[in-house]
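Q: With the input below, show me the fold.
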Amino acid sequence: MKRFYLWLLVLPVCPMLTMVPPQAAAQVSVNSANPNNTAQSTVDLDVIVSGSGFKKGAKAQWFVSGTTNPGGVTVNSTSFNNSGQLTANISVSATATTGPFDIQVTNTDGRTGKGTELFAVKNKVASACIVPAPLNIAPVATG
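A: Numbering: from 1, shown residues only. The predicted structure is shown next:
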């Protein structure tokens, strides 16, 4: 008599694994600034920067449009409001470049977004000082 052996291959039962492609990192975009301009010699101006993809710890920077030159605009601090809004406190030197500025936001993970020509620095308006003309008062003779 011939013997037949039946070997059963037992595979462990595993839950179905679903391959999930890595998600694309969130894009950072910068859309607007409010206010969108100021004059030279402005100190401690809060500017609301709006966009998307902002994260806690994000930093804003001002650049003369089309360059990496800050042009006399210093960002004193950047506060995270939410993923669509930051508050940047800026100071503008008396000799700052006048004209359009780009605003760039950099998240702590290194991702950046830039809004072009979202802000402008204007010439400081010289204050007019009115000096009254001397009065020509002739003495009046009495008597």
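
Q: wait, N89 sits on T74?
A: No. Counting by Cβ atoms under 8 Å, N89 does not reach T74; the two are 9.5 Å apart. Backbone N, C-alpha and C define where each C-beta goes, glycine included.

Q: who touches V64 in this structure?
A: 70-71, 97, 99-102 (Cβ atoms under 8 Å, 6 or more residues apart in numbering).

Q: repeat that for 10 Å
A: V64 makes contacts with 70-73, 96-102, 121, as judged by Cβ atoms under 10 Å, 6 or more residues apart in numbering.

Q: can you give me the strands for the chain?
A: Ranges of strands within the chain are 29-34, 37-39, 45-52, 59-64, 73-82, 85-92, 99-106, 112-122, based on DSSP state E.

Q: before we move on, back to that, sort out which of the contacts of V64 are buried, if you could.
A: The neighbour count (16 or more other Cβ atoms under 10 Å) marks 70-73, 96-98, 100-102, 121 as buried among those.

Q: wait, which of those is closest to D109?
A: D102 (20.8 Å; Cβ to Cβ).

Q: ok, what's across the strand from the closest one?
A: Beta bridges link D102 to F63, judged by DSSP bridges.

Q: How about the one 10 residues further on?
A: Following DSSP bridges, T112 is listed with bridge partners T106.

Q: Just the local confidence number for it, please.
A: pLDDT, T112: 98.

Q: Identify the contacts common to N89 and T74.
A: With Cβ under 10 Å, 6+ apart as the test, N89 and T74 both reach V43.

Q: Just name the closest of the buried ones among the contacts of V64 to L45, please.
A: Looking across the buried ones among the contacts of V64 and measuring by Cβ to Cβ, the closest to L45 is V73, at 9.8 Å.

Q: how close does the closest one sit to F63?
A: V73 sits 8 Å away from F63, going by Cβ to Cβ, to the nearest Å.

Q: Can you work out which residues contact both of these two?
A: Joint contacts of V73 and F63 (Cβ under 10 Å, 6+ apart) are 97, 101, 103, 119.

Q: Fine by me, thanks again.
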